[in-house]
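Participant: have a look at this prediction, sequence included:
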Amino acid sequence: MSLEEWLDLPELVDKVQELLELGFLEDAKKLLDQYSQVFHNYWEVYFLYSRVFTEQNMPRKAVLFLLDGLRLDRTNADCLLGLFYAHAMMDQVKKGGKFLLKAQKHHPQNELILSALIWYYIEINQSQKAVLCFKQAQEINTNNPETFRNGGIAYDRLGRYEEAENCYKTALEINPGFDEARDLLAELFIFTNRTNEAIRLYEDALKDSPKNIRIMSKLVFCLSHNDQLDKAAAAAKMAITMYPNSPIGYIDLAYINLNTDRTDEAIEMAEKAISVAPIDAEGYRVMGIAFSDKKDFETAEDYFAKAITLDPQNSDTLRDYYQHLRNAGKYEQMVEIVKKVIEFERPYCIEDYCFLADYYRGEMQNTKAFHYLHRAYKSMPAEKDLIPPMIGILFERGHVKYGMSMFASFIEKSGGWNETMNPFTYNKQLRDRFSQEGLRFLRFNGEKPVEFRRYIFKYYLSHYALMYYSVIACALTFPASVIFGWRGIISVAVVYAVSMTAFKLYRIWQRKKALVLAEQAAATLAKGSNA
């Protein structure tokens with residue numbers, strides 16, 4: 001290499017990064033090899049090597065280079081972040097988290113580190129901490145769409161859907177081409193029974209990119225979910241016309257046929273998908289579902305086996321497979337497959353926990369059913385609908401104390417007493433006087449607005465405080481008379497009288513406030529009945 005062609009370190013870094021962005025990984029590695037001896041004392045070289053191996057899905061080799069870079073600069077943010085992501089690729093999120101937390105300690109205002117922390121806390125099921133990190137990122141005026149995407153997921157997992165929606169929308173405003181944020185927003189719309197908004201979201205995206213087959217497929221799914229099956233079928237056929245050599249349109253049309261009990265037509269579409277893409281697992285997956293619906297379990301097994309061979313870690317395929325195994329009565333194999341999906345998807349496996357809970361509930365194995373319901377609830381604490389079946393199991397097992405505690409928590413999360421709670425009042429385990437009294441108390445409190453409950457708490461707190469104050473004042477009278485004579489008694493009496501007057505004035509003010517709250521509640525009820 002001539003002197004004129006020699007690159008200094010900044011030029012080398014820029015050149016290698018350019019090659020990496022273009023996907024020329026081998027060229028990037030060869031260039032690094034040429035300069036590795038000259039710049040062996042610079043962390044940048046080791047970091048770039050790690051990127052080469054990360055792009056090739058070789059995280060173990062990437063870790064070795066990142067550790068070498070870290071030895072040269074022990075607080076380097078890029079190397080610490082790289083170590084976190086490399087370990088995450090190896091499903092060692094908690095081990096990688098140690099490097100991320102160290103990065104936060106040395107670089108508390110680094111936007112990329114805060115964004116990674118949000119994702120890290122979501123992965124280890126600590127969504128409250130994830131939200132705190134997101135708020136820190138907001139304070140430094142972040143403009144990173146991935147930070148808002150991560151923040152949206154954190155809010156979503158906590159059931160704070162309005163804040164989650166705002167985060168996803170902000171991510172899309174920053175980067176209109178951010179497909180993952182769009183998909184998450186659409187899923188939120190569907191979950192909150194606003195499928196029409198999800199449809200409009202993809203229709204608007206198609207205006208900007210009318211030939212995007214991925215967006216077309218998402219639109220087909222939303223239309224199907226909204227029972228607009230004719231429109232969904234028309235959109236799928238348009239995709240087939242535009243891309244006859246892609247399996248996507250055929251697969252979408254096959255699912256529409258499955259949803260309308262046209263199994264033979266679904267098989268026909270799946271066969272066409274396999275003919276144009278014989279190494280794509282989706283066609284075989286649809287065939288497996290279709291033959292399982294037809295009760296041809298042996299043929300279904302063959303197709304599922306082929307789909308899993310082509311894509312062994314596809315959780316959606318595995319979920320369809322364990323549903324097939326349940327239909328076929330192969331329960332032991334079914335449980336093993338469900339556990340495998342949980343291993344792949346944790347903590348995003350609430351439906352798999354619920355599936356096992358439902359199965360064990362049917363088998364009258366309530367302890368195991370409760371175990372999986374509880375794990376589902378820990379994964380997604382915003383899912384309050386998981387609480388009633390757990391309460392039911394606790395009552396059936398005679399654990400009334402724990403069941404009542406969880407029942408109170410359910411009322412609080414639900415925002416008050418509702419019809420879901422009524423059946424518990426007739427439970428045979430709650431027929432004794434103390435349990436019925438507890439239920440009446442929970443119902444009374446659950447049916448009252450939050451402001452009223454706060455008022456009652458303060459009212460009785462002041463009542464008991466007044467009572468205890470009177471006892472203390474009387475107890476002080478005798479020692480005061482011994483030490484100070486009549487002056488001591490008079491002093492205690494004056495203090496007591498002043499305090500009593502203050503308490504009475506406070507109680508009068510509380511009663512007036514209660515009347516105001518009652519009037520507001522009556523006005524709200526009247527307004528609701530008129531509507």
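Facilitator: Cool, the structure landed. Only a predicted model underlies this, so the values are computations on that prediction, with no experimental measurement involved.

Participant: which stretch of helix or strand covers residue 327?
Facilitator: Element membership for residue 327 (DSSP states H and E) is helix 315-328.

Participant: alpha carbons of that helix, as PDB, please.
Facilitator: Extracted C-alpha coordinates of helix 315-328, given in PDB (Å, rounded to 0.1, in the frame of the first residue of the first chain):
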ATOM      1  CA  SER A 315     -43.500 -19.400  17.800                       C
ATOM      2  CA  ASP A 316     -46.600 -18.900  15.700                       C
ATOM      3  CA  THR A 317     -46.100 -22.200  14.000                       C
ATOM      4  CA  LEU A 318     -45.400 -23.900  17.300                       C
ATOM      5  CA  ARG A 319     -48.600 -22.400  18.800                       C
ATOM      6  CA  ASP A 320     -50.700 -23.800  15.900                       C
ATOM      7  CA  TYR A 321     -48.900 -27.100  16.400                       C
ATOM      8  CA  TYR A 322     -49.700 -27.500  20.000                       C
ATOM      9  CA  GLN A 323     -53.300 -26.600  19.300                       C
ATOM     10  CA  HIS A 324     -53.300 -29.500  16.800                       C
ATOM     11  CA  LEU A 325     -51.700 -31.800  19.400                       C
ATOM     12  CA  ARG A 326     -54.500 -31.000  21.800                       C
ATOM     13  CA  ASN A 327     -57.100 -31.800  19.100                       C
ATOM     14  CA  ALA A 328     -55.300 -35.000  18.400                       C
END
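
Participant: and the next helix or strand past it?
Facilitator: Criterion used, DSSP H and E; the element after helix 315-328 is helix 331-345.

Participant: what score does residue 362 have for pLDDT?
Facilitator: pLDDT, the model's per-residue confidence, is 87 for residue 362.

Participant: same deal with the one 3 residues further on?
Facilitator: Reading off the per-residue confidence, residue 365 sits at a pLDDT of 89.

Participant: repeat for residue 527
Facilitator: Confidence at residue 527, expressed as pLDDT, is 46.

Participant: same check, this time on residue 443
Facilitator: Per-residue pLDDT puts residue 443 at 60.

Participant: what stretches of this structure score poorly on pLDDT?
Facilitator: Where the chain drops to pLDDT under 70, the residues are 1-4, 381-384, 400-404, 406-531.

Participant: ok, and what's touching stretch 280-291?
Facilitator: Stretch 280-291 is contacted from outside by 247, 250-251, 254-255, 258, 263, 266-267, 269-271, 273-274, 277, 297, 299-301, 303-304, 306-308, 310-311, 314, 316-317, 320-321, 324, using C-beta atoms under 8 Å, 6 or more residues apart in numbering. For the C-beta atoms, the positions are set from N, CA and C on the backbone; glycine is no exception.

Participant: go with 7 Å
Facilitator: Applying C-beta atoms under 7 Å, 6 or more residues apart in numbering, the set of residues contacting stretch 280-291 from outside is 247, 251, 254-255, 258, 263, 266-267, 270, 273-274, 277, 299-300, 303-304, 306-307, 310-311, 314, 317, 320-321, 324.

Participant: ok, stretch 331-350 next?
Facilitator: Contacts for stretch 331-350 (C-beta under 7 Å, 6+ apart): 123, 125, 313, 315, 318-319, 321-322, 325-326, 352, 355-356, 376, 379-380, 383.

Participant: kindly report the same for stretch 103-121.
Facilitator: If you take C-beta under 7 Å, 6+ apart as the criterion, stretch 103-121 is touched by 75, 77, 80-81, 84, 93, 97, 100, 127, 129-130, 133-134, 136-137, 140, 142, 144, 146-147, 150-151, 154.

Participant: how far off centre is it?
Facilitator: Centre-to-centre, stretch 103-121 and its host chain are 19 Å apart (C-alpha atoms, centre = their mean, to the nearest Å).

Participant: wait, residue 188 sits on residue 161?
Facilitator: Yes. Contact criterion C-beta atoms under 7 Å: residue 188 and residue 161 qualify, at 6.2 Å.

Participant: more crowded one of those two?
Facilitator: Neighbour count, other C-beta atoms under 10 Å: between residue 188 and residue 161, residue 188 has more, with 21 against 16.

Participant: what sits against that one?
Facilitator: With C-beta under 7 Å, 6+ apart, residue 188 has these contacts: 156, 161, 164-165, 168.

Participant: now it: which helix or strand?
Facilitator: helix 179-191.

Participant: show me which residues of that helix are buried.
Facilitator: For helix 179-191, the neighbour count (16 or more other C-beta atoms under 10 Å) marks 181-186, 188-190 as buried.

Participant: which residue is the nearest non-sequential neighbour of the residue at minimal distance from the centre of the chain?
Facilitator: In the chain, the centroid-proximal residue (C-alpha atoms, centre = their mean) is residue 157; its distance is 3.0 Å. In space, and not counting its chain neighbours, residue 157 is closest to residue 127: 4.5 Å by C-beta to C-beta, 6 or more residues apart in numbering.

Participant: so who does that neighbour touch?
Facilitator: 121, 154, 157-158.

Participant: ok, it to residue 137 distance?
Facilitator: Applying C-beta to C-beta, to the nearest Å, one obtains 15 Å for the distance of residue 127 from residue 137.

Participant: likewise for residue 342?
Facilitator: From residue 342 across to residue 137, the span is 31 Å (C-beta to C-beta).

Participant: who has more neighbours, those two?
Facilitator: residue 137 (24 against 21).

Participant: am I right that that one is in contact with residue 148?
Facilitator: No. With contacts counted by C-beta under 7 Å, residue 137 stays clear of residue 148, the gap being 8.8 Å.

Participant: what residues do the two have in common as contacts?
Facilitator: Common contact partners of residue 137 and residue 148 (C-beta under 7 Å, 6+ apart): none.

Participant: the stretch 51-200 of the chain: helices as residue ranges?
Facilitator: 59-72, 77-89, 93-106, 111-123, 127-139, 145-157, 161-174, 179-191, 195-208 (DSSP state H, counting those that start in this stretch).

Participant: wait, the stretch 301-450 of the chain
Facilitator: Under DSSP H, counting those that start in this stretch, the stretch 301-450 of the chain gives helices at 315-328, 331-345, 350-362, 366-379, 387-396, 400-414, 433-446, 450-484.

Participant: who are the packing partners of the strand or helix carrying residue 233?
Facilitator: Element membership for residue 233 (DSSP H and E) is helix 229-242. Counting contacts by 3 or more C-beta pairs under 7 Å, 6 or more residues apart in numbering; DSSP states H and E, helix 229-242 packs against helix 213-225, helix 247-259.

Participant: contacting residues around the first one?
Facilitator: Translated: helix 213-225. Residues from elsewhere that reach helix 213-225 (C-beta under 7 Å, 6+ apart): 183, 186, 190, 195, 198-199, 202-203, 205-206, 209, 231-232, 235-236, 239, 243, 246, 248, 252, 256, 259.
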